[in-house]
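A.B. asks: From the sequence below, what's the structure:
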Amino acid sequence: MFERARRALQFVTTGTILAIAAVVAFVLWDYYTAAPWTRNGQVRVQVADIAPRVSGQIIDVRVRDNQFVHAGDVLYDIDPFDFKVALATATARVNERQADMVLKDTQQTRRDKLTEAAASREEKQVYQATADIAKAQYGEALAALSQAKINLDRTHVRSTVTGYVTNLIMRVGDFATAGQPNIRVIDASSYWVDGYFEETKIRAIHVGDRVRMDLMGYRAPMWGHVVSITRGIATPNATPATQGLPSVDPVYTWVRLAQRIPVRVHIDSIPPGTQLAAGMTTTVTVVGSKGKRAHDTLTETLNRLHDTLMGGTGGSGTHD
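C.D. replies: Next up is the predicted model:
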């Protein structure tokens, strides 16, 4: 009886070991060749290139490098003297045009009340046109005044997004040119991850799939989901050469490397204490509905087989 139990235990042990080896081989093969994961992932972010709307000398820089700012916060000030003069001039022009308009309107109203014996129809038309011209000139002066006011306000250059000032190199005394970016702010709400997957794994990735992202240097993972898959990448064979014809490399190697296709991942949750920076490296893994990676599933499978083996061994001993 004891010999029979020993032989049964040997068969169970051998079968279990073979089963574990088969499961390990299959999962490892799937994980390293077919599973949708890649170590080639990078954190990306959008950066606002902020340019002044008016030109002038910078007289005050109100932020420092890497400072957090809110949309609408003043970043730096441009010398407002010329714009204050322009505003005063525009205000005086408005007053002048308004007085002229009132005068011309009064003259036109007076002519309208006269009979044709005192003022001809042509004369009335001339005064009417003169009054209309004065009114138009007053409107033009008001528009110039509005422009002068907004230009003065634009001497305070403000952030267009909420985020972090980055690579700040400006200083007081620099000249700011309208339309030329001279300060940049990282949009704190725009972080995402690009995972560069081999083309052989793209078929297993779909928009909406849950994604686990493991940053280098951090234990706790980030979580997100696939939002899009890039529809094209550059190819050197498409570069135009002589007469605009494509330059095709005549060399074909026996080793074919899979192309890397960018997959855009939206970040849904970030662990406390994680400090994101554009350019950080991350492992990107498309996971199942329970958030399990391939090697997590492997560990669970091995644990279940181990429990089964231990349970079978204990059962044989009790039976004896």
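
A.B. asks: which residues pair with the nearest residue to L215 once chain neighbours are set aside across the strands?
C.D. replies: Closest residue in space to L215, ignoring its immediate chain neighbours: T282 at 4.8 Å, by CB to CB, 6 or more residues apart in numbering. Every C-beta, even on glycine, is put in place using the N, C-alpha and C of the backbone. Applying DSSP bridges to T282 gives these bridge partners: G41, L215.

A.B. asks: Now for T282: which residues touch it?
C.D. replies: 41-43, 193, 213-216, 222 (CB atoms under 8 Å, 6 or more residues apart in numbering).

A.B. asks: now swap in D105 and tell me
C.D. replies: 131, 134-135.

A.B. asks: Any figure for the gap between the residue nearest to L215 and Y76?
C.D. replies: According to CB to CB, to the nearest Å, T282 stands 35 Å off from Y76.

A.B. asks: any idea how far R97 is from Q108?
C.D. replies: Distance from R97 to Q108, by CB to CB: 16 Å.

A.B. asks: Would you map the helices across the chain?
C.D. replies: Assigned by DSSP state H, the helices in the chain fall at 2-29, 81-113, 121-153, 294-319.

A.B. asks: so can I have a markdown table of those helices showing mean pLDDT?
C.D. replies: Shown next, in a markdown table, are these (pLDDT from 0 to 100):
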| stretch | mean pLDDT |
| --- | --- |
| helix 2-29 | 77 |
| helix 81-113 | 88 |
| helix 121-153 | 88 |
| helix 294-319 | 53 |
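
A.B. asks: could I get the ones you listed as CSV with distance to P236?
C.D. replies: Below are the helices of the chain laid out as CSV (distance: least, CB to CB, whole Å):
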stretch, distance to P236
helix 2-29, 32
helix 81-113, 52
helix 121-153, 49
helix 294-319, 34
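
A.B. asks: Quick one: closest of these to A204.
C.D. replies: helix 294-319 (11.7 Å; CB to CB).

A.B. asks: Which strands and helices lie in contact with the longest strand seen in the chain?
C.D. replies: For the chain, the strand with the greatest residue count under DSSP state E is strand 260-269. The contact analysis (3 or more CB pairs under 8 Å, 6 or more residues apart in numbering; DSSP states H and E) places strand 260-269 against strand 37-44, strand 192-198, strand 210-215, strand 222-229.

A.B. asks: quick one: the shortest one to strand 37-44, angle?
C.D. replies: So that's strand 210-215. Interaxial angle of strand 210-215 relative to strand 37-44 (axes from the mean of the first three to the mean of the last three CA atoms, to 10 degrees): 70 degrees.

A.B. asks: Then the second one?
C.D. replies: An angle of 150 degrees separates the directions of strand 192-198 and strand 37-44 when computed by the same axes, to 10 degrees.

A.B. asks: What is strand 192-198 packed up against?
C.D. replies: Taking 3+ CB pairs under 8 Å, 6+ apart as the contact cut, strand 192-198 packs with strand 37-44, strand 210-215, strand 222-229, strand 260-269, strand 281-286.

A.B. asks: Which elements pack onto the first one?
C.D. replies: Right, strand 37-44. Using 3+ CB pairs under 8 Å, 6+ apart, the elements in contact with strand 37-44 are strand 192-198, strand 260-269, strand 281-286.

A.B. asks: Please consider this matter closed, and thank you.
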